[in-house]
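Peer 1: Starting from these lines, generate the structure:
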Amino acid sequence: MKTLLFSVLLAVVTRSTGMAQPCLGMTFKTGMTFELSQFNAKDKPIGKISYQVKDVHKEGSSTVMDIVAQVEDEKGKQRPPYTIHYTCTGDELIADMSGMMQAMQNGGMKDMEMKLKTNKLVYPGKLSVGQKLSDGQMDVEMNTNGSTMMNMNMVMANRQVDSQAPLTTPAGTFNAYKISSDMNMENRVMGMPIRSTMHIVSYRADNQLFDIKSETYNKGGKLMGYSLLTKTN
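Peer 2: Okay, here's the model as predicted:
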């Protein structure tokens, strides 16, 4: 989350870079790569996102990863890369939700300044079937020439672990937990609200940083598209 949380503590941060850091049963190190491939509802490839861990360091007792994301469409055209951050506290993994907004800014909002007010999605160190997870939230203000043009609020609500089963992707077979949630979005453009709701089903494994699979459904329950973890080192 844009220097995920705790920026007020930067003056007292203990920082050691470039070293492998264990946390939550995972070992994070510079150079690790991941690839998530994206598909539409008819299983047609529509792009991919490649991630590379550029830096791993300690901030107090937490491990922080700076990860560069590269979006590529179905024709192989790349958008400008952007950086996201993941924080591992030892008990929780805190995920950066700002990537979508950064991709929008790179794609068509280059003249706008993005200000993140809230940016937090937490996964506990251990998942279990029936477990309720805390809401995720992102609040963004888009400004241009000193004026607020758009406010966006996104809440990942009703998050819960539904089941556990093996899941196979091109990256391997994982013991995955199925997590369902509702994504509620409200955009205010020049003060006018635009609201939308989607249902998200994601599959996570204890020893993986990213979702193994993630499905997006519209308000009526129709599949809109999905992503798969296709490569990891």
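Peer 1: where's Val140, which helix or strand?
Peer 2: For Val140, the host element (DSSP states H and E) is strand 136-144.
Peer 1: Give me the contact list for that strand.
Peer 2: 95, 97-98, 101, 109, 111-122, 148-156, 159, 181 (C-beta atoms under 8 Å, 6 or more residues apart in numbering). Yep, even glycine has a C-beta here, placed from its N, CA and C like the rest.
Peer 1: ok, now with 6 Å
Peer 2: Outside strand 136-144, the residues that touch it by C-beta atoms under 6 Å, 6 or more residues apart in numbering are 97, 101, 111-119, 121, 148-156.
Peer 1: Can you give me the buried ones in that strand?
Peer 2: Gly136, Gln137, Met138, Val140, Glu141, Met142 (16 or more other C-beta atoms under 10 Å).
Peer 1: What subset of the contacts of strand 136-144 is buried?
Peer 2: Buried among these (16+ other C-beta under 10 Å): 97, 101, 112, 114, 116, 119, 121, 149-156.
Peer 1: Can you tell me which of the residues you listed end up in strands?
Peer 2: Met114, Leu116, Asn119, Leu121, Met149, Met150, Asn151, Met152, Asn153, Met154, Val155, Met156 (DSSP state E).
Peer 1: Among the residues you listed, which one lies nearest to Gln21?
Peer 2: Nearest to Gln21 among these: Leu121, at 20.5 Å, using C-beta to C-beta.
Peer 1: Enumerate every residue touching that closest one.
Peer 2: Leu121 neighbours (C-beta under 6 Å, 6+ apart): Ala95, Met97, Gly136.
Peer 1: Can you name the residues bridging to it?
Peer 2: Beta bridges link Leu121 to Ala95 when assigned by DSSP bridges.
Peer 1: So what touches the host helix or strand of Tyr51?
Peer 2: Assigning secondary structure by DSSP H and E places Tyr51 in strand 45-59. For strand 45-59, contacts defined as C-beta under 6 Å, 6+ apart pick out 13-17, 21, 28-30, 32-40, 64-74.
Peer 1: The helix or strand that comes right after that strand versus strand 45-59: what angle between them?
Peer 2: Proceeding N to C from strand 45-59, the next assigned helix or strand is strand 62-73, under DSSP H and E. Using axes from the mean of the first three to the mean of the last three C-alpha atoms, to 10 degrees, the inter-axis angle of strand 62-73 relative to strand 45-59 is 160 degrees.
Peer 1: Check which residues of strand 62-73 are buried.
Peer 2: Ser62, Thr63, Val64, Met65, Asp66, Ile67, Ala69, Val71, Glu72.
Peer 1: can you redo those as CSV with pLDDT and distance to Met192?
Peer 2: Shown next, in CSV, are the buried residues of strand 62-73 (pLDDT from 0 to 100; distance: C-beta to C-beta, whole Å):
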residue, pLDDT, distance to Met192
Ser62, 92, 40
Thr63, 92, 42
Val64, 92, 38
Met65, 92, 38
Asp66, 92, 36
Ile67, 93, 35
Ala69, 91, 31
Val71, 90, 29
Glu72, 92, 34
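Peer 1: Out of the residues you listed, flag the one nearest to Tyr217.
Peer 2: Val71 (22.1 Å).
Peer 1: With the flanking residues excluded, which residue is spatially nearest to the closest one?
Peer 2: Arg79 (4.6 Å; C-beta to C-beta, 6 or more residues apart in numbering).
Peer 1: Also Val53?
Peer 2: In space, Val53 is closest to Met32, 4.2 Å off (C-beta to C-beta, 6+ apart).
Peer 1: Next one: that neighbour relative to Ile94, how far apart?
Peer 2: In this view, Met32 and Ile94 are 18 Å apart by C-beta to C-beta, to the nearest Å.
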